[in-house]
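S.K.: structure for this input, please:
(one chain, ligands or ions: 1)
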Amino acid sequence: MNCLYAKILDDLYYIGANDRQTALFENMWPLPEGVSYNAYLIRDEKTALLDTVRINKVDGFINKVLEVLDGRKLDYLVIHHMEPDHSGCITDILNLFPDLIFVGNKKTKSMLYDFLELTPDDDKFIEVKDGDVLDLGKRQLQFVMTPMVHWPESMVSYEPNDKILFSQDIFGGFGTVDGAIFDDQADYNIFRSETRRYYSNIVGKYSMMAVKAIEKVKQLDINIICPVHGFVWRENPQTIIDDYEKWANYEVEDGVVIVYGSMYGNTEGMADHLATFLAKEGVKNIKVFDVSKTHASYILNEIWRYKGLILGSATYDNSVYPNMYNLLNVLKYNKIKNHVLGIFGSYGWSGGAVKDLKAFAETGKYDVLETVVEARGTMHKEEEDQLRLLAKEMAEKLK
Ligand SMILES: Cc1cc2nc3c(=O)[nH]c(=O)nc-3n(C[C@H](O)[C@H](O)[C@H](O)COP(=O)(O)O)c2cc1C
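M.R.: This is a model prediction of the structure:
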């Protein structure tokens, strides 16, 4: 039965599960490299389980919890986050240890009823607020509220003796933990893109709240970060703090993402010409995506990374191409900032795509390039020259 287990420190254990079976996280985001659900168990004068895993991994998880408890009962179940990928086994754990005491905040308590129909008595639920401490014996857990990162009840806890942050979704990423549970056992560069894809698609829209949460946890002296997805950071926790801080502040690198929506190749041809012109202008990182082919989560991941964004669309029923419309919505609700935006498109008779792209540009905080290129049918010499100009304007902005 799949279940991962590792000793982090004396009487502190990682218990988690790799999920390579689920195709789509939240039934939306592709998981080609899987995802891990991480929980932690502290064996002190009191025992405490920090979160659980998704229900599809319940059997292995329960076995491992029992093994690590080694005959002891579970005193506390700390719930940092009620999303089902972490709360999925709560009822099973409660069935095993009916006397356990839940630890959560006010919102957690109501969610226990909303999602699991659990109504613990007052003496079976410790309601914590910012700064409250749960004493386990040698170790304590100090709670820090991190609302909307990325649910209202989300909170983290800090263990001051060993300087450990149990950070729930914050500092997590997609990708299974393949043998290497700790950051010093693996090359993070291999996982960075999947971590950014997790951030940009799952946490990104709450970036304002993420900035606040990161500011709060940065006040703590941290040696180890234990998130609920991905590595345990014990060698270089600052690496993931720096990455998250950068992404939450929409800090970007030089480079351009071109995304196009095209049925018969006219818009695609413009995109390829534009990429060539950008390269000639000396732009180094250029990525071109067909909006109908690449899942929006990958496109958003690259947009989150690079400063330049150029959107091109064929006209479809007087409007922007439907799959591009979907991406525009993704960009809108993620409140993308710090980007230079270019626009191009193609139409057959009365147009519509470029008009819609221009209207989209006004909905966000984009630095919109002056040249907008619109071809009737295929790109002609005039549009080719305009695309060259558009590339030049973008390159100038990246200098
Ligand atoms: C299903 C369909 C619907 C279209 N609707 C419109 C339209 O409403 N207005 C318009 O000007 N052109 C319309 N066109 C024409 C395309 O926008 C035009 O052929 C464009 O060059 C296609 O670009 P592409 O080769 O990148 O797909 C439509 C084309 C198709 C195939």
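S.K.: where does this structure have low pLDDT?
M.R.: The chain contains residues with pLDDT under 70 at 1.
S.K.: how about the helices in it?
M.R.: Under the criterion DSSP state H, helices of the chain are mapped to 58-69, 84-87, 90-96, 106-116, 188-198, 207-218, 237-248, 266-280, 296-305, 322-333, 353-361, 381-398.
S.K.: quick one: which of the ones you listed is nearest Q168?
M.R.: helix 84-87 (7.3 Å; Cβ to Cβ). Just so you know, the C-beta spots here come from the backbone N, C-alpha and C atoms, and that holds for glycine as well.
S.K.: packing partners of that closest one?
M.R.: strand 35-43, helix 106-116 (3 or more Cβ pairs under 8 Å, 6 or more residues apart in numbering; DSSP states H and E).
S.K.: residue numbers of the protein in contact with the ligand?
M.R.: Those residues of the chain that sit near the ligand, judged by Cβ under 6 Å from any ligand atom, are 262-268, 314-318, 346-352, 377.
S.K.: show me which of those are buried.
M.R.: Buried subset of the residues of the chain next to the ligand (neighbour count, 16 or more other Cβ atoms under 10 Å): S262, N266, T267, E268, A314, T315, Y316, S346, Y347, G351, G352.
S.K.: for those, give me TSV that also has distance to E245.
M.R.: Formatted as TSV, these follow (distance: Cβ to Cβ, whole Å):
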residue	distance to E245
S262	37
N266	42
T267	37
E268	37
A314	39
T315	41
Y316	40
S346	40
Y347	43
G351	42
G352	40
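S.K.: can you list which of the residues you listed are found in strands?
M.R.: Applying DSSP state E to those, the entries found in strands are A314, T315, Y316, S346, Y347.
S.K.: among the residues you listed, which pair sits farthest apart?
M.R.: Y316 and S346 (10.5 Å).
S.K.: okay, and the common contacts of those two?
M.R.: By Cβ atoms under 8 Å, 6 or more residues apart in numbering, Y316 and S346 have these common neighbours: A353.
S.K.: can I get the ones in strands among the buried ones among the residues of the chain next to the ligand in TSV with distance to K218?
M.R.: Output for these, formatted as TSV (distance: Cβ to Cβ, whole Å):
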residue	distance to K218
A314	46
T315	48
Y316	47
S346	48
Y347	50
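S.K.: pretty sure F166 contacts H80?
M.R.: Yes. With contacts counted by Cβ atoms under 8 Å, F166 reaches H80, the gap being 6.5 Å.
S.K.: the more surrounded of those two?
M.R.: Neighbour count, other Cβ atoms under 10 Å: between F166 and H80, H80 has more, with 29 against 26.
S.K.: once you drop chain neighbours, what's closest to that one?
M.R.: Spatial nearest neighbour of H80, chain neighbours left out: Q168 (3.9 Å); criterion: Cβ to Cβ, 6 or more residues apart in numbering.
S.K.: contacting residues around the one you found?
M.R.: Each residue near Q168 by Cβ under 8 Å, 6+ apart is listed here: D51, H80, H81, H86, T146, S154, M155, V156, P227, V228.
S.K.: contacts only, for H273.
M.R.: By Cβ under 8 Å, 6+ apart, H273 lies in contact with M379, E384, L387.
S.K.: okay, the last one and L274: tell me how far apart.
M.R.: What it means is L387. 5 Å (Cβ to Cβ, to the nearest Å).
S.K.: shared neighbours of the two, anything?
M.R.: In terms of Cβ under 8 Å, 6+ apart, L387 and L274 are both contacted by the residues F344.
S.K.: what's the end-to-end length of stretch 231-251?
M.R.: Distance across stretch 231-251, first residue to last, is 23 Å (Cα to Cα, to the nearest Å).
S.K.: chain center to that stretch, what's the gap?
M.R.: With Cα atoms, centre = their mean, to the nearest Å as the basis, stretch 231-251 stands 12 Å off its chain's centre.
S.K.: buried set for that stretch?
M.R.: Using 16+ other Cβ under 10 Å as the test for burial, stretch 231-251 gives 231-234, 237, 239-241, 243-248, 250.
S.K.: please list all residues in contact with I336.
M.R.: Contacts for I336 were tallied using Cβ under 8 Å, 6+ apart; they are Y250, I303, W304, L309, G364, K365, Y366.
S.K.: from these, which would you call buried?
M.R.: The neighbour count (16+ other Cβ under 10 Å) marks Y250, I303, W304, L309, G364, Y366 as buried among the contacts of I336.
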